[in-house]
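Here is a sequence with its predicted model. Questions after.
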Amino acid sequence: MDTGNLRNTMISAIKASLGSGYRGGDVAVTAVCPADAFADAPHWSPGADFAAVGAESPQSRCWERHNADGTLTVVAAGVGPVPEVWTVTAAPDDFDGCGLGNSMHGITWMRDVPGAVIHREPYAGHPAEGVAQYWDAFQREWGVRPRGEEQQGAGWMFGAGKVWFYMDAQVEDSGALLMLVLDLCEVFGATAQVHPYNPVTKTYDGGPDMYPDGVRQSAG
């Protein structure tokens, strides 16, 4: 999509939503990068048999594995005021009160669970710290963070393993959003998709908010 077409598509989407009440004048854009766009970015996970807790992305920091004996192992990287990597194995139901889908720091509650096997190691110097530092620096430069699989069970919306960025803005900030999207497209070879706000579904048509538990990410 060239600059003119992208700008016109965004303007049309904004105008169409102006009378929609709440979120009127909004537009959302997804910038989908090719699979090799971040091939040199650092990556770490506990193993191929672990799946990210919540939403899968290049910056995932919490993973889980269902074990053959019926237990669950959860690994959370960067937990606590003095960050550590926690590896905890217990019955799946024992993790219910931790709220890991919202915050991995709930893993510390497992200290009070009888029989939970807990291993703690320093986060400083751990490969997971290098991944976090990379994407922290990316956000400072670009104002956005990468996304991947929107949520467990939803599948990869734009292709397995592809990195994408999801941003929204109201009419007064749409110019800045346009320039950010254009830069992402130019530097990382991304393809832009515009999502008009739908007042009936209260989501952006065709965007990640089509999933009820999707989490929107604003630019800037």
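Ah, there it is. Numbers count the residues shown, from 1 in each chain.

how close does His126 sit to Arg61?
Distance from His126 to Arg61, counting by C-beta to C-beta, to the nearest Å: 11 Å. Any C-beta I mention is one placed from the backbone N, CA and C, and that applies to glycine too.

who touches both of these two?
Ala77 (C-beta atoms under 8 Å, 6 or more residues apart in numbering).

Nearest residue to the middle of this protein?
Arg147 (3.8 Å; C-alpha atoms, centre = their mean).

What pLDDT is listed against that residue?
On pLDDT, Arg147 comes in at 76.

Please apply the same query to Pro122.
97.

Report the contact partners of Ala16.
With C-beta under 8 Å, 6+ apart, Ala16 has these contacts: Pro196.

Just the buried residues of the helix or strand hosting it, please?
With elements taken from DSSP states H and E, the one containing Ala16 is helix 3-17. Residues of helix 3-17 classed as buried: Leu6, Arg7, Thr9, Met10, Ala13, Ile14, Ala16, Ser17 (neighbour count, 16 or more other C-beta atoms under 10 Å).

So which of the residues you listed sits lowest on pLDDT?
Scanning those for pLDDT, the low point is Ser17. It has 71.

how much space between that residue and Pro199?
Distance from Ser17 to Pro199, by C-beta to C-beta: 7 Å.

List just the nearest of the buried residues of helix 3-17 to Trp164.
Leu6 (15.9 Å; C-beta to C-beta).

So the closest one sits against Gln193, correct?
No - assessed by C-beta atoms under 8 Å, Leu6 is found out of contact with Gln193, at 10.0 Å.

Isn't Ala35 up against Trp164?
No - assessed by C-beta under 8 Å, Ala35 is found out of contact with Trp164, at 11.0 Å.

Of the two, give the one with the bigger neighbour count.
Neighbour count, other C-beta atoms under 10 Å: between Ala35 and Trp164, Trp164 has more, with 23 against 11.

Please name the residues that touch the more buried one.
Each residue near Trp164 by C-beta under 8 Å, 6+ apart is listed here: Thr30, Ala31, Val32, Cys33, Pro146, Arg147, Gly148, Met157, Phe158, Ala190.

And Cys33, by the same measure?
Counted by C-beta under 8 Å, 6+ apart, Cys33 has contacts Lys162, Val163, Trp164, Phe165, Leu184, Phe188, Gly189, Ala190.
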